[in-house]
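**Q** Give me coordinates for this.
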Amino acid sequence: METGALKWSEKLGGGALMLADGKLVILSEPGELIIGPTSTDGFKPSLRQHVLPSRCWVQPTVANGRIFCRNNTGEMVALSL
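**A** Next comes the predicted model:
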C-alpha cells in the first residue's frame with residue numbers, strides 16, 4: 001500500500017466479489033463460487049465449486065454461517081460454511 005506497486009493479478013472474468021474474514025468470496029459469471037485467503041503472494045483458492053447455472057452478476061453475501069449466492073434469473077442457493 002505504501003508504494004502502490006501491484007503485488008498480484010488474477011483473471012477470473014465477470015462476476016462479483018466480497019471480502020469476508022480475510023478471504024475473497026467470488027461468484028463468477030458462469031456460477032462458480034471461488035473462496036481463498038487474501039495474500040500479497042497471490043490468490044490461491046481453497047474452494048472452487050459450481051453452485052448456480054446461468055449468468056451471475058449478483059454479489060455473494062455472508063451471514064449467519066452461510067454464503068448466499070443468486071443468479072440473474074432469481075435462483076438462489078445458501079451454502080453452509
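
**Q** And the strands in the chain?
**A** 15-20, 23-28, 32-37, 47-50, 61-63, 66-70, 76-80 (DSSP state E).

**Q** Select, out of these, the one closest to Gly4.
**A** For the strands of the chain, the distance to Gly4 is smallest for strand 15-20, at 19.3 Å, taking CB to CB. In short, each C-beta sits where N, CA and C put it, glycine included.

**Q** what lines up beside the closest one in the sheet?
**A** Counting by DSSP bridges, the strands paired with strand 15-20 are strand 23-28 (antiparallel).

**Q** ranking the strands of the chain by burial, who's on top?
**A** Counting by mean count of other CB atoms under 10 Å, strand 23-28 has the highest mean neighbour count of those, with a mean of 20.

**Q** Hmm, Val25 and Thr38 touching each other?
**A** No: counting by CB atoms under 8 Å, Thr38 does not reach Val25; the two are 10.8 Å apart.

**Q** Overlap of the contact sets of these two?
**A** Common neighbours of Thr38 and Val25, using CB atoms under 8 Å, 6 or more residues apart in numbering, are Leu19.

**Q** Which residues are in contact with Phe68?
**A** Phe68 sits in contact with 60-62, 76-79, where contact means CB under 8 Å, 6+ apart.

**Q** Now the two most distant members of those residues.
**A** Val62 and Met76 (14.1 Å).

**Q** low-confidence ranges in the chain?
**A** Low-confidence segments of the chain, defined by pLDDT under 70: 1.

**Q** distance of the most centrally placed residue in it from Gly65?
**A** Nearest to the centroid of the C-alpha atoms of the chain, with distances taken as CA atoms, centre = their mean, sits Ile26, at 0.9 Å. Between Ile26 and Gly65 the computed distance is 19 Å (CB to CB, to the nearest Å).

**Q** what do you get for Leu6?
**A** When CB to CB is the yardstick, Leu6 and Gly65 sit 34 Å from each other.

**Q** Same question for Gly22.
**A** In this structure, Gly22 and Gly65 are 16 Å apart, going by CB to CB.
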